[in-house]
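*Asks:* only geometry, no sequence info:
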């Protein structure tokens, strides 16, 4: 895989050798375009890469022994990745939904963790008889809610806190254009009301926002 520096001094790529050859044929890069192998290669002109010597040919500018030719037009020397757009643009696009997911996930973790502590500490309050004036058809519902307190309720709250932790981790990965699959999972979980408590009204639009951004071609091509 290769990266190049365009005429706007921004980095583009990584791309395969076949894609680089296509850029050479299209005139989007020339022999003097700075490039390097990923990861960690040294920046050097494309003409210094033996694998592209035949692509430039005998008359390519910057190739020793070549005949003088006009350099490629500046407007054609700035390529774009296969999906279009730069990595900086992709980072900017995911920043908003990623931060939103991180915030609501952090709130969800705090709320459910506090709920779990309350349930574990309030174990003595369960199995209280229903109020005397409660209608008979509501007594079953009351008993179900009572059973959700104590250790059982605490474990449920911890589970939901863990789900929010996954959303938080996915939001962080999204912000750095890492693990697109995990970022998608985080967006989907954020859209589930049962995992966000009072934050579900925000989790739904933010999750949809994140999915829309993650499926843009100019964003997908930059995920590692």
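*Replies:* Looks like it came in fine. Since the structure is predicted, the reported quantities are computational estimates derived from the model, not experimental observations. Residues are numbered from 1 along each chain as shown.
*Asks:* shaky segments in this structure?
*Replies:* Across the chain, residues meeting the criterion (pLDDT under 70) sit at 57-85, 122-149, 194-200.
*Asks:* distance of residue 7 relative to residue 21?
*Replies:* 19 Å (CB to CB, to the nearest Å). Bear in mind the C-beta positions are built from the backbone N, C-alpha and C, glycine included.
*Asks:* and for residue 174?
*Replies:* 32 Å.
*Asks:* more neighbours: which of the two?
*Replies:* Between residue 174 and residue 21, counting by other CB atoms under 10 Å, residue 174 is the more crowded of the two (28 against 16).
*Asks:* which stretches of this protein form helices?
*Replies:* Taking DSSP state H, the helices of the chain run over residues 17-26, 53-56, 87-121, 136-147, 150-175, 180-190, 200-214, 217-220.
*Asks:* hmm, residue 211 is touching residue 184, no?
*Replies:* Yes - judged on CB atoms under 8 Å, residue 211 makes contact with residue 184 at a distance of 6.7 Å.
*Asks:* need the contact list for the residue nearest to the spatial centre of the chain.
*Replies:* Closest residue to the average C-alpha location of the chain: residue 174 at 2.2 Å, with CA atoms, centre = their mean. Residues in contact with residue 174 (CB atoms under 8 Å, 6 or more residues apart in numbering) are 94, 97, 98, 101, 180, 183, 186, 210, 214.
*Asks:* hmm, which two among these are most spread apart?
*Replies:* 101 and 180 (13.9 Å; CB to CB).
*Asks:* the more surrounded of those two?
*Replies:* residue 101 (30 against 19).
*Asks:* any idea how far residue 94 is from the closest residue to that one other than its chain neighbours?
*Replies:* Take residue 101 and drop its neighbours on the chain: the residue closest to it by CB to CB, 6 or more residues apart in numbering is residue 171, 3.5 Å away. Distance, residue 171 to residue 94, using CB to CB: 9 Å.
*Asks:* kindly report the same for residue 9.
*Replies:* 23 Å.
*Asks:* out of these two, which sits in the more crowded spot?
*Replies:* residue 94 (24 against 8).
*Asks:* OK, contacts around the more buried one?
*Replies:* With CB under 8 Å, 6+ apart, residue 94 has these contacts: 174, 175, 177, 183, 210, 213, 214, 219.
*Asks:* what about 6 Å?
*Replies:* Residues in contact with residue 94, defined by CB atoms under 6 Å, 6 or more residues apart in numbering, are 174, 213.
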